[in-house]
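1. Fold the following.
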Amino acid sequence: MANQVYLDKMYVRQSYRNLWHTDLISTIGEDPGYCCVAALFAPCISYLLRKRALYDEMSRYTCCGGYMPCSGRCGESKCPEFCLCAEVFLCFGNSVASTRFLLQDEFNIQTTACDNCIIGFMFCVSQLACIFSIIACITGIDELEQASDILNCLANMVYCTVCACMQTQHKIEMDRRDGIIVPRPGAMAVPPTQHMSRFDQPVPPAVGYPAPAYGQPYGSYPVPPPAQGHRPPA
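-> So this is what the prediction gives:
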């Protein structure tokens, strides 16, 4: 029953309105240092980001965010830190995805079509490399084995790169949430008031993340209307 609730949330996310402050392609330019650290120490970064996403309240922690059959049955309530450590090392991909879903549900964030294409490409390359490995193992053809090795190397590179960008994207989002990143100089809008999130809501309200208007830069705040009694500049 609990797993069905989490599956229902996956369908609800399709109607979310807000966007990530930084898309996957822009994360390298936004915070290149953290992106490199996330690629080199991926499990450690995943551990820190999950704790931060939970506001360091590990009593809320559930293995893999509740999306796996073993979730809630691994003794999380007794030793959540150890269970999270095991998750990020044994189920790294699920740990990154669970943190992503947690932030999406909290701030009503959708994943853009471009980000979906990048994530889908990562899965396609991995599946293609797996198929070539199986065929090369069965046939024993040298050319297929070489092609399989190249595809496996490419799949690993894509996987590590995309996961590092995703974790950097999560970090930037939480930096904005916690007020660590302030609006860039020249921004005319005042940051919106932050509110306590409610995890019991099926669709969280759009607090602090207004949908961008037509022609507005990606992830920026809307320009406030002109004050009454003053005409806008021509």
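
2. from here on, contacts and neighbour counts on C-alpha atoms
-> Will do.

3. isn't residue 81 right next to residue 58, touching?
-> Yes. Using Cα atoms under 8 Å, residue 81 is in contact with residue 58, at 7.3 Å.

4. how close does residue 9 get to residue 96?
-> 17 Å (Cα to Cα, to the nearest Å).

5. How about residue 71?
-> 15 Å.

6. Of these two, which one has the most company?
-> Per other Cα atoms under 10 Å, whichever of residue 71 and residue 96 has more neighbours is residue 96, with 26 against 17.

7. can you pull the contacts of the more buried one?
-> 46, 163, 166, 167 (Cα atoms under 8 Å, 6 or more residues apart in numbering).

8. what secondary structure does the residue nearest to residue 175 when sequence neighbours are not counted sit in?
-> Excluding the flanking residues, the one nearest residue 175 by Cα to Cα, 6 or more residues apart in numbering is residue 181, at 5.5 Å. Here residue 181 is coil, with the state taken from DSSP: H, G, I helix; E, B strand; the rest coil.

9. So which residues of the protein form strands?
-> Taking DSSP state E as the criterion, the chain contains no strands.

10. Compute the first-to-last residue distance for stretch 31-51.
-> First-to-last distance for stretch 31-51 - Cα to Cα - comes to 20 Å.

11. how close does the residue most central in space within the chain get to residue 49?
-> Nearest to the geometric centre of the chain sits residue 100, at 3.4 Å (Cα atoms, centre = their mean). In this structure, residue 100 and residue 49 are 10 Å apart, going by Cα to Cα.

12. Equivalent analysis for residue 85, please.
-> Residue 85 is 12 Å from residue 49, by Cα to Cα.

13. One more: residue 108?
-> From residue 108 to residue 49 the distance is 18 Å (Cα to Cα).

14. do residue 94 as well
-> As judged by Cα to Cα, residue 94 and residue 49 stand 13 Å apart.

15. the more surrounded of these two?
-> A direct count of neighbours by other Cα under 10 Å for residue 94 and residue 49 places residue 49 higher, at 22 against 17.

16. Who are the contact partners of the more buried one?
-> Applying Cα under 8 Å, 6+ apart, the residues near residue 49 are 99, 167, 170, 171.

17. just the buried members of the residues you listed?
-> For the contacts of residue 49, a neighbour count by 16 or more other Cα atoms under 10 Å gives the buried set as 99, 167, 170, 171.

18. Now, those that are in helices?
-> 99, 167, 170, 171 (DSSP state H).

19. in stretch 30-47, what's buried?
-> Of the residues in stretch 30-47, those buried (16+ other Cα under 10 Å) are 34, 35, 36, 38, 39, 42, 43, 45, 46, 47.

20. again, but for stretch 111-122
-> 111, 115, 119, 121, 122.

21. and those residues, which of them are in helices?
-> Checking the buried residues of stretch 111-122 against DSSP H, those in helices are 115, 119, 121, 122.

22. Leaving out the residues flanking it, which one is nearest to the first one?
-> Using Cα to Cα, 6+ apart and skipping the chain neighbours, the partner closest in space to residue 115 is residue 24 (6.1 Å).

23. Run a quick neighbour tally on that neighbour.
-> When neighbours are counted by other Cα under 10 Å, residue 24 registers 24.

24. so who does the residue nearest to residue 70 when sequence neighbours are not counted touch?
-> Nearest residue to residue 70, sequence neighbours excluded (Cα to Cα, 6+ apart): residue 63, at 7.5 Å. By Cα under 8 Å, 6+ apart, the residues touching residue 63 are 70, 71, 72, 74, 76, 83, 84, 87.
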